[in-house]
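Participant: coords please:
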Amino acid sequence: MADTWLPSLITATPQEGFELAITLSRRGVKYTQPDMETLKKLRADYAESADGLTAASQVIAVNFQTVAAANNYWRP
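Facilitator: Below is the predicted model of the structure:
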C-alpha cells in the first residue's frame with residue numbers, strides 16, 4: 001500500500017484517538033496479509049476465538065497508548 005493516509009497522530013478528542021487506534025490496528029493486519037480473500041477466510045478463525053479477540057484488543061490498546069502519548073493525553 002503506497003497511499004499516504006496517516007498525516008498525523010494528533011486527534012481532537014480521546015474518542016477520535018481510539019478510533020484512530022482501531023484504524024491503525026486494522027491497517028496493520030491489511031499490510032501483513034494484503035490478500036483480501038485470505039483475510040476473509042482467516043476472519044472466521046479468530047471471530048469466535050476468545051484468545052484471538054483478546055489479542056486484537058491488546059493491539060488496539062497498544063496503538064491507543066501511542067496515540068494518547070502523541071496527544072499529551074489530551075491535556076491542555
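Participant: which residue sits closest to residue 10, ignoring its sequence neighbours?
Facilitator: Nearest non-adjacent residue to residue 10, counting by C-beta to C-beta, 6 or more residues apart in numbering: residue 71, 6.0 Å away. In this view, the C-beta of every residue, glycine as well, is placed from N, C-alpha and C.
Participant: can you pull the contacts of that neighbour?
Facilitator: Counting by C-beta atoms under 8 Å, 6 or more residues apart in numbering, residue 71 makes contact with 9-11, 17.
Participant: How about the secondary structure of residue 29?
Facilitator: Under DSSP: H, G, I helix; E, B strand; the rest coil, the three-state class of residue 29 is helix.
Participant: Okay, residue 40 and residue 30: tell me how far apart.
Facilitator: Distance, residue 40 to residue 30, by C-beta to C-beta, to the nearest Å: 12 Å.
Participant: quick one, which of these two is more surrounded?
Facilitator: Higher neighbour count among residue 40 and residue 30: residue 30, with 12 against 9, using other C-beta atoms under 10 Å.
Participant: separation between that one and residue 5?
Facilitator: As judged by C-beta to C-beta, residue 30 and residue 5 stand 11 Å apart.
Participant: what's the answer for residue 15, then?
Facilitator: From residue 15 across to residue 5, the span is 19 Å (C-beta to C-beta).
Participant: And those two? Which one has more around it.
Facilitator: Neighbour comparison, residue 15 and residue 5: the larger count goes to residue 15, with 10 against 7 (by other C-beta under 10 Å).
Participant: And that one, its phi and psi?
Facilitator: Backbone torsions of residue 15, given as degrees, to the nearest 10, read phi -60, psi -50.
Participant: okay, it: pLDDT?
Facilitator: Model confidence at residue 15, given as pLDDT, is 98.
Participant: Likewise for residue 1?
Facilitator: Residue 1 carries a pLDDT score of 51 in this model.
Participant: Sketch out the low-pLDDT regions of the protein for me.
Facilitator: Along the chain, segments meeting pLDDT under 70 span 1-2.
Participant: so how far is the longest helix seen in it off the chain centroid?
Facilitator: Across the chain, the longest stretch assigned as helix under DSSP state H is helix 50-70. Helix 50-70 sits 7 Å away from the centroid of its parent chain (C-alpha atoms, centre = their mean, to the nearest Å).
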